[in-house]
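Enquirer: Sequence first, predicted coordinates after that:
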Amino acid sequence: MGAPSGVDPRSGALVALLALLTACGGSSGVPADPISARGTLPVTSPAFADGAMMPVRSTCDGED
């Protein structure tokens, strides 16, 4: 069975080649520095004031 009319049989090979080139490219080879990638995670709650210590009951050491 041949290719459907109007479709170049080489188009599948071209698509496969482009997919392969896309998958293999784009890496700078230099890993990101995990230290500089760190961020902050603000924790807010009505259970404690801004900048205050968390109450023990709101931590893992509190009552279960």
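Expert: Okay, I see it.
Enquirer: Tell me where the chain has helices.
Expert: Along the chain, counting by DSSP state H, helices occupy 11-24.
Enquirer: could you point out where it is predicted with low confidence?
Expert: Scanning the chain with the threshold set as pLDDT under 70 gives 1-5, 26-29, 31-32, 34, 36-37, 64.
Enquirer: what does stretch 42-49 contact?
Expert: Stretch 42-49 is touched from outside by D50, M54, P55, S58, with contacts defined as Cβ atoms under 8 Å, 6 or more residues apart in numbering. In this view, the C-beta of every residue, glycine as well, is placed from N, C-alpha and C.
Enquirer: Would you check how far apart the second one and P9 are?
Expert: Distance of M54 to P9, given as Cβ to Cβ, to the nearest Å: 67 Å.
Enquirer: Looking at those two now, which is surrounded by more residues?
Expert: Between M54 and P9, counted using other Cβ atoms under 10 Å, M54 has the larger neighbour count: 12 against 9.
Enquirer: Setting the sequence-adjacent residues aside, check what's closest to that one.
Expert: When the adjacent residues along the chain are set aside, M54 lies closest to F48, with 5.5 Å between them (Cβ to Cβ, 6 or more residues apart in numbering).
Enquirer: Could you tell me how far that neighbour is located from I35?
Expert: 29 Å.
Enquirer: Next, count neighbours for F48.
Expert: Applying other Cβ under 10 Å, I find that F48 has 13 neighbouring residues.
Enquirer: roughly how far apart are T44 and T22?
Expert: 43 Å.
Enquirer: what's the neighbour count on D33?
Expert: Here the number of neighbours of D33 (other Cβ under 10 Å) works out to 8.
Enquirer: Same question for S58.
Expert: Around S58 sit 13 other residues, with neighbours defined as other Cβ under 10 Å.
Enquirer: Could you do R57 as well?
Expert: R57: 9 surrounding residues under other Cβ under 10 Å.
Enquirer: Skip the chain neighbours and tell me the closest residue to it.
Expert: In space, and not counting its chain neighbours, R57 is closest to E63: 6.3 Å by Cβ to Cβ, 6+ apart.
Enquirer: how near is that neighbour to P55?
Expert: E63 sits 11 Å away from P55 when distances are taken as Cβ to Cβ.
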